[in-house]
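Asker: okay, sequence plus prediction incoming.
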Amino acid sequence: MTKSLRGTKNKIFQRVGVTALAATLLAGVAVPTASAAGRDRPELRQAVQEFVDAGFAGMQLRVRDERGEWTGSAGVRELGGTAKPPTDGHFRVGSTSKNFTATLTMQLVADGKIGLDTPIAGFLPRFGFDKRITVRMLLQHTSGLFNHTGEYFPDGTIVPGIPWSGPEWVKKRFHTYQPEDLVKLSLSKPPRFEPGAGWSYSNTNSVVLRLLVEKLSGRPFADELDRRILRPLKLRDTLSPGSWSGMPKPYAHAYYPYEDAGQWKTIDVTHQNPSWASAAGDMISTTKDLQTYFSALQSGKLLPAWLLTEMRKTHPQSESLYGFYGLGQFTQDLGPGCPRTILNHNGSNNGYAALMYSTPDGSKTLTASITAGEAADAGQKFPAELNKLLKTVFCGK
């Protein structure tokens, strides 16, 4: 394990591990467990169980609100077993990593190292970036940079990038990708649009931000993340693993079903090399650490108020299941009957999915991990189950 690891232990989104949500099955239903300082929350126990009933192997949920903090889990820790997922278990957070990357970048903005509207080409001259691309464009996915995991167009056209799904990914799931090579691959392809002329979620934006953080700080990305965010908040179970394929204990196993030569197969993908996602989706955390982090961010402990305001300015073309995208996070209105705005950045990485939500003041949070099993249709039920969960937690319904 590296020094930095020792120091820190659209289609829902066709980017970091979308098929994880469409690749799951119930391998045995367990009675949910819960801990809430002696207070039962039957509506939350039911919500967790419904995800398992929908076909996911397991789920752990943590909610903090005016009634205190509640944790619970349902399903199984491992296919074929009966033990439930640990409520303090580690998991891969996928694109939730982008929010950490964005916050780290904006801390450098707060320090005057660079501006939101500063072109990046001069800081990373060896790549030959379009001189119109700014920090803000990378944060908000308006740079137009080709997504190194492939571009998916409304007419069904696909321009492939590196393999991130199917048998191709399975064969290369322990391969190490260098961030520089991912960026060079992106730049070898035509941009999706001119800088600032549109919106398209691209993993490459976060990889470029990783390189920018390293250039501005003079430190490896994982070390700077540790120094500025993980250690100050005591996030001892959160890490940016680089090419390390391991998983700290405890954890629930995750599985990946895929079709190969006309046959469906399922493999355990708990251990995988996440360097293909880099700072766009490689991180590991727990529901407790995500809760601590996202509450601190939204309550102003990590960024000054003016940058939080910038972070919450959304792009009109960025609507998705999770709301509208700002600078490294989504803003979502829960609709009629629930006049509440929530902030989030969820993620998935083949086998795992993460939920991270908060009210704008950081006082009410929801964090969760969902593990995949063998079913291929659970992902289709995910939006409805997520909507019910959010209404239960944030609307009292």
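Answerer: Received, thanks. All of these numbers come straight from a predicted model, not from anything done at the bench.
Asker: going by C-alpha atoms from here, please, whenever you check contacts or count neighbours.
Answerer: Fine.
Asker: and Gly80, how many neighbours?
Answerer: By the criterion of other CA atoms under 10 Å, Gly80 has 9 neighbours.
Asker: that one is in what secondary structure piece?
Answerer: Per DSSP states H and E: Gly80 is located in neither a helix nor a strand.
Asker: if I look at it, how far off is Ala57?
Answerer: According to CA to CA, to the nearest Å, Gly80 and Ala57 sit 10 Å apart.
Asker: again with Asn147
Answerer: 30 Å.
Asker: and what of Gln298?
Answerer: Gln298 is 31 Å from Ala57, by CA to CA.
Asker: higher neighbour count, these two?
Answerer: A count of neighbours by other CA under 10 Å puts Ala57 above the other of Gln298 and Ala57, at 34 against 19.
Asker: so what pLDDT did the more buried one get?
Answerer: We have a pLDDT of 95 for Ala57.
Asker: name the helices or strands packed onto whatever helix or strand Leu44 lives in?
Answerer: Using DSSP H and E, Leu44 sits within helix 42-53. On a contact count with 3 or more CA pairs under 8 Å, 6 or more residues apart in numbering; DSSP states H and E, helix 42-53 meets strand 58-65, strand 68-75, helix 378-394.
Asker: Serialize these to CSV and add fields for distance to Arg126 and mean neighbour count.
Answerer: Formatted as CSV, these follow (distance: least, CA to CA, whole Å; neighbours: other CA atoms under 10 Å):
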stretch, distance to Arg126, mean neighbour count
strand 58-65, 44, 26
strand 68-75, 48, 24
helix 378-394, 41, 17
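Asker: reformat those as JSON lines; add distance to Asp282.
Answerer: Putting these into JSON lines (distance: least, CA to CA, whole Å) gives the following:
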{"stretch": "strand 58-65", "distance to Asp282": "20"}
{"stretch": "strand 68-75", "distance to Asp282": "24"}
{"stretch": "helix 378-394", "distance to Asp282": "21"}
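Asker: relative to Thr359, which of the ones you listed is closest?
Answerer: helix 378-394 (8.5 Å; CA to CA).
Asker: average pLDDT for the closest one?
Answerer: Here the average pLDDT along helix 378-394 is 92.
Asker: could you check the angle helix 42-53 makes with that helix?
Answerer: Here helix 378-394 points in a direction 170 degrees away from that of helix 42-53 (axes from the mean of the first three to the mean of the last three CA atoms, to 10 degrees).
Asker: tell me the angle of helix 378-394 relative to strand 58-65?
Answerer: Going by the same axes, to 10 degrees, helix 378-394 makes 20 degrees with strand 58-65.
Asker: so what does helix 378-394 touch, helix or strand wise?
Answerer: helix 42-53.
Asker: list the buried ones in the helix it packs on?
Answerer: Residues Leu44, Arg45, Ala47, Val48, Gln49, Glu50, Phe51, Val52, Asp53 are the ones in helix 42-53 that count as buried (16 or more other CA atoms under 10 Å).
Asker: low-confidence ranges, the stretch 51-200 of the chain, go.
Answerer: For the stretch 51-200 of the chain, not a single residue meets the criterion pLDDT under 70.
Asker: all helices for it, in order.
Answerer: All helices of the stretch 51-200 of the chain, identified by DSSP state H, counting those that start in this stretch, fall at 97-110, 135-140, 166-171, 179-187.
Asker: which among those helices is found nearest to Lys215?
Answerer: Proximity to Lys215 (CA to CA) singles out helix 97-110 among the helices of the stretch 51-200 of the chain, at 11.0 Å.
Asker: off-centre distance for the closest one?
Answerer: When distances are taken as CA atoms, centre = their mean, to the nearest Å, helix 97-110 is centred 14 Å away from the chain's centroid.
Asker: swap in stretch 74-93?
Answerer: 19 Å.
Asker: just the buried positions in that stretch, please.
Answerer: Applying a neighbour-count criterion of 16+ other CA under 10 Å, one finds 74-79, 84-93 buried in stretch 74-93.
Asker: now do Glu151 against Lys184, distance only.
Answerer: For Glu151 relative to Lys184 (CA to CA), the value is 16 Å.
Asker: dihedrals phi and psi, the nearest residue to Ala354 once chain neighbours are set aside?
Answerer: Nearest residue to Ala354, sequence neighbours excluded (CA to CA, 6 or more residues apart in numbering): Ser369, at 4.7 Å. When quoted as degrees, to the nearest 10, the phi and psi of Ser369 stand at phi -130, psi 140.
Asker: I'd guessed Pro304 sits against Ala110; true?
Answerer: Yes: using CA atoms under 8 Å, Pro304 is in contact with Ala110, at 7.3 Å.
Asker: let me know the secondary structure of Ile267.
Answerer: Using DSSP: H, G, I helix; E, B strand; the rest coil, the structure places Ile267 in strand.
Asker: can you count the residues close to it?
Answerer: As a burial measure, Ile267 scores 14 neighbours (other CA under 10 Å).
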